[in-house]
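Chemist: One predicted model, sequence on top.
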Amino acid sequence: MFAVLDYRQFRTPDGDLKGRWRTVADRETRPTTVWSRPERGARGPAPERSRTQITTAALALADAEGLGAVSMRALAQRLGTGPASLYRYVGSRDELLDLMADAVAGELDLSGATGGDWLDDLVGLALQSRDAHVRHPWLADLNDRRGEVLGPHAIDYLDHALGILAPAPGTAGQKLGAVGLLGGLAVLFARREAAATSTGDPATGDPAARAAHLAAVAAEGRHPHLLAALTAAGAPPPADRDALFVRLLRRLLPAMLGQGEP
């Protein structure tokens, strides 16, 4: 959902980006996506369903049973129709997955005005992104398994993030990289949170459980450096699902943009 295209392949020796992007946009090899085709043909009966209805049902199926459960057959059964009828609206399962990813991007609130503190605004957007991945844990697996096609909502997200970064220091390339970092950390922390809530393993559980596990191991005497670090650090603070995520963003984003730590 939050992938960023690699801008470097389009840079000219003089640093121009726009000219090369325009050339790419004009190529006949521009891929055909589900959004480049009309939802209904000019002829024939009015459709009984819409892509939005189909996508909503697919999201519910993935949230309930995981991405592997999403097939045209299973979706048709959920909608009370035949698989063949769905192909009038969606050309393939891959197109369905594109629609699903973009629908999640559409859940983010991009209505807030930009132009305030760019770092505060970008951290707020990152928190929304992480929460979207927590609500839909299959989304990270989808992005890992296939080359993502950016849909209209995802492109709106990218444009909004770059708008937030307009007053920030750094080059256009650095800003695109910063948006990519934002998305990557959102996925990483969403996975971490999902693991912490789905298992009792001390390696993925709450901080207190992990600290107790490490303290017990260190007390055995075979890891003196770990024991010294734990002794100096003291008891872990109460769990805060936002604190580490926000702290990393506030340090890494300015550094990526050549500003150093805030």
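Modeler: Done, it's in. Here the structure is a predicted model, which is why all the values come from computation and not from measurement.

Chemist: Might one say that Arg49 is in contact with Leu75?
Modeler: No: with contact defined as CB atoms under 8 Å, Arg49 does not count as touching Leu75 (10.9 Å). From N, CA and C alone the C-beta is placed, and that goes for glycine too.

Chemist: In terms of neighbours, single out the busier of those two.
Modeler: Leu75 (23 against 14; other CB atoms under 10 Å).

Chemist: for the stretch 51-200 of the chain, what spans make up the helices?
Modeler: 51-65, 72-79, 83-86, 93-105, 118-135, 138-145, 152-164, 172-198 (DSSP state H, counting those that start in this stretch).

Chemist: Single out the most deeply packed of the ones you listed.
Modeler: Burial of those is given as mean neighbour count (mean count of other CB atoms under 10 Å); helix 93-105 ranks first at a mean of 21.

Chemist: Export it to CSV, keeping only CA atoms.
Modeler: Written as CSV, here are the backbone C-alpha positions of helix 93-105 (Å, rounded to 0.1, in the frame of the first residue of the first chain):
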residue,chain,number,x,y,z
ARG,A,93,-7.1,-12.2,-8.3
ASP,A,94,-4.1,-9.9,-8.7
GLU,A,95,-6.5,-7.0,-9.6
LEU,A,96,-8.6,-7.9,-6.6
LEU,A,97,-5.5,-7.7,-4.4
ASP,A,98,-4.7,-4.3,-5.9
LEU,A,99,-8.2,-3.0,-5.1
MET,A,100,-7.9,-4.4,-1.5
ALA,A,101,-4.5,-2.7,-0.9
ASP,A,102,-5.8,0.6,-2.2
ALA,A,103,-9.0,0.4,-0.2
VAL,A,104,-6.9,0.2,3.0
ALA,A,105,-5.0,3.3,1.9
